[in-house]
Structure formats: structure tokens, C-alpha cells
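Student: give me a 3D structure for the following:
(2 chains)
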Amino acid sequence: GENVEQHPSTLSVQEGDSAVIKCTYSDSASNYFPWYKQELGKGPQLIIDIRSNVGEKKDQRIAVTLNKTAKHFSLHITETQPEDSAVYFCAASMGGQNFVFGPGTRLSVLP
Amino acid sequence: EPEVTQTPSHQVTQMGQEVILRCVPISNHLYFYWYRQILGQKVEFLVSFYNNEISEKSEIFDDQFSVERPDGSNFTLKIRSTKLEDSAMYFCASSAQGRANTGELFFGEGSRLTVL
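Tutor: Numbers count the residues shown, from 1 in each chain, chains lettered A, B, ... in the order given. Have a look, this model is predicted:
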């Protein structure tokens, strides 16, 4: 089955700096890669996603890149703000219903 | 904005008891899911449900677990004979699309289960 790894497990950045979180997946059949943000005591919320026919997608300060050959995808957050502090999960899905999540990255944005 | 709602937000139960966690998915969604997150660990898939039947389930979802959509709006997860290791946050999710067109998962805020 699919296996998703995520690095780093924790990340601290200064406000205004960029943050990058990287994920790798094992199954080349995976074709949908969402990123979720989970704030304390809440459920995961989708922040951006990318499908396998796209190499890069951007939404304001957030961007995701996908390298299908290397089977890895990354989340980039620019101009970080304290409210970006949360746990971020990447996930992979083979067009099915079993989304496999990475172990998460705890991002702290220091003022 | 439509949302997935879950009850209870927190349930404490004795080992061996049965619990039912309830979810109301977004009204026009057709695919429903339960995920589990043990404290500090990643979100794990339990089961997906479509057209009144289970469409996928993980190894975690053994005979101790069952799901039901009893009345067209609620989607429930039943855990029989709870064990200490069942203590976790249980998230319900729903999506408008499923296997053919992977759609966004909308998660509820979770039900925290504590087994003593």
C-alpha cells in the first residue's frame, strides 16, 4: 500500500521568512496530493491540493510543487505569519477514498 | 459555509463498553469517512462509506468497529468492547466526489474518545 513520509517533523521560522515542508510517497499510482492544516483542537482543513497532471500550484502565499518522477511534493509558505503556526499534513490518494496521511509537521512562526 | 458536525466532542468510557460517535456530513455529499488520530500521531484512515455500504476499510477497522447511516443524515461509528488503545480523536469527513474524481475531504472537528 501507499506510504507517505514527511519532513521535517518540527519547523520554526521567524515571522516573514519562508517555510518548506517536503513529502515523499511510494505508490506511483497516486494522483491526488492535498495538504491539510490542523490547528489545536480542530479537524484538518484543506489548504491546497495538486493533481498528478500539474507540476505546481499557487494560492496567494501558499504553493505546492509535485515531482512525479521522484515521487515527492512540497508545500511552500512565503511571508509567514504567526497564524500560520499549526500542524501541517500532506496526503496522497490513488483517486480513491483512502487518503494516506504523512506524520505531520509542527510549524511554529516566531514573532 | 456548510460543515461536518460531530457529537460528542468528548466521551469518556470504561474499558469494555460500547460507544457510538455521530456525524452529520455536508448535506449534498455522497462519500463519508472515519479517520482516527492517536494523540501526537498522524491521521489514519479507518473506513469509507458510499451508497449505504462500506467501500474501503483499513486493517484498523476490524470486527470491533461498524458504521451505519441510519436515517439519511447521520453517519455513525460504533466501537464495541472498547480497549485502552482505542483512545484517540475520531474525525468524520465527507466529500462530494469519490473514486473517479477525487474530491476535497471536509473534516469535522473530531470526537475525543478516552477509554479508562
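
Student: so which strand or helix has the spatially most central residue of chain B?
Tutor: The residue lying closest to the centre of chain B (C-alpha atoms, centre = their mean) is B:Trp34, at 2.8 Å. In the assignment (DSSP states H and E), B:Trp34 maps to strand B:31-37.

Student: ok, then the element right after that strand?
Tutor: Next along the chain from strand B:31-37, counting by DSSP H and E, comes strand B:43-50.

Student: that following strand vs strand B:31-37, what angle?
Tutor: Relative orientation of strand B:43-50 and strand B:31-37, computed by axes from the mean of the first three to the mean of the last three C-alpha atoms, to 10 degrees: 160 degrees.

Student: can you give the contact residues for strand B:43-50?
Tutor: With contacts defined as C-beta atoms under 8 Å, 6 or more residues apart in numbering or on different chains, strand B:43-50 is touched by A:36, A:44, A:89, A:97-101, B:30-38, B:54-58, B:60-61, B:65, B:67, B:69, B:75, B:77, B:90-91, B:98. Glycine gets a C-beta too; all of them are placed from N, C-alpha and C.

Student: that strand pairs with which strands?
Tutor: Sheet pairing of strand B:43-50 (DSSP bridges) gives strand B:31-37 (antiparallel), strand B:53-57 (antiparallel).

Student: per-stretch mean pLDDT over those, give me the minimum one.
Tutor: For those, mean pLDDT drops lowest on strand B:53-57, to a mean of 90.

Student: buried ones in it?
Tutor: B:55-57 (16 or more other C-beta atoms under 10 Å in any protein chain shown).

Student: output it as PDB, nothing but the C-alphas.
Tutor: Presented in PDB, the C-alpha positions along strand B:53-57 are these (Å, rounded to 0.1, in the frame of the first residue of the first chain):
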ATOM      1  CA  GLU B  53     -22.200   0.300   2.200                       C
ATOM      2  CA  ILE B  54     -18.600   0.200   3.100                       C
ATOM      3  CA  SER B  55     -16.400   0.800   0.100                       C
ATOM      4  CA  GLU B  56     -13.000   0.700   1.700                       C
ATOM      5  CA  LYS B  57     -11.600  -0.100   5.100                       C
END
